[in-house]
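Participant: quick check, what structure comes out for this input:
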Amino acid sequence: MDIYFQLGVISIAIFAFLALVLIILIFIDREKLNNLSQKKEYLGGFHGSTFYSQPFLTIEEAKDEKLNKIIRKHNKKVVVFYICFLFLIIGVIFLNVGRE
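Facilitator: Numbering: from 1, shown residues only. Alright, predicted model coming up:
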């Protein structure tokens, strides 16, 4: 097998693994935020939002430091999730180069 093809397969495998792990971690944070927002009434902006329509959460709406910490961690995970798409792009490029 060509080295470019192997690099492409490895890059796509890394993307798939990272994307799966990050999606699970992001939705765990979303569940924590949902549970906190049901107990307290100060997180009005989170109600009804979905990951696809609003991936980043704003910190100004929360008055609790614990909640702000969860929101910051969530937003960092979303950024890493979008960055991991570079592995997919690199993998597709290597697969196309390896095919020639």
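Participant: from now on I want contacts and neighbour counts done on CA atoms only, so please keep to that.
Facilitator: Will do.
Participant: mind listing what's buried along the least confident helix or strand in the chain by mean pLDDT?
Facilitator: Within the chain, confidence by mean pLDDT, DSSP states H and E is lowest for helix 65-83 among all helices and strands, at a mean of 84. For helix 65-83, a neighbour-count test (16 or more other C-alpha atoms under 10 Å) marks 67-68, 71-72, 74-75, 77-78, 81 as buried.
Participant: just how off-centre is the helix or strand that comes right after that helix within its chain?
Facilitator: Counting by DSSP states H and E, the next helix or strand C-terminal to helix 65-83 is helix 85-99. Centroid separation for helix 85-99 versus its chain: 21 Å, with C-alpha atoms, centre = their mean, to the nearest Å.
Participant: going forward can the numbers begin at 3, since that is how I track them
Facilitator: From this message on, residue numbering opens at 3, which makes the last subject helix 87-101.
Participant: so what touches helix 87-101?
Facilitator: 4-14, 16-17 (C-alpha atoms under 8 Å, 6 or more residues apart in numbering).
Participant: among those, which lie within strands?
Facilitator: Applying DSSP state E to the contacts of helix 87-101, no entry is found in strands.
Participant: adding neighbour count, pLDDT and distance to Ile92, write those out as CSV.
Facilitator: What follows is those, written out as CSV (neighbours: other C-alpha atoms under 10 Å; pLDDT from 0 to 100; distance: C-alpha to C-alpha, whole Å):
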residue, neighbour count, pLDDT, distance to Ile92
Asp4, 10, 86, 16
Ile5, 12, 89, 14
Tyr6, 18, 88, 10
Phe7, 20, 88, 11
Gln8, 15, 89, 12
Leu9, 18, 89, 9
Gly10, 23, 90, 7
Val11, 18, 91, 10
Ile12, 17, 92, 10
Ser13, 24, 91, 7
Ile14, 23, 92, 8
Ile16, 17, 92, 11
Phe17, 22, 92, 10
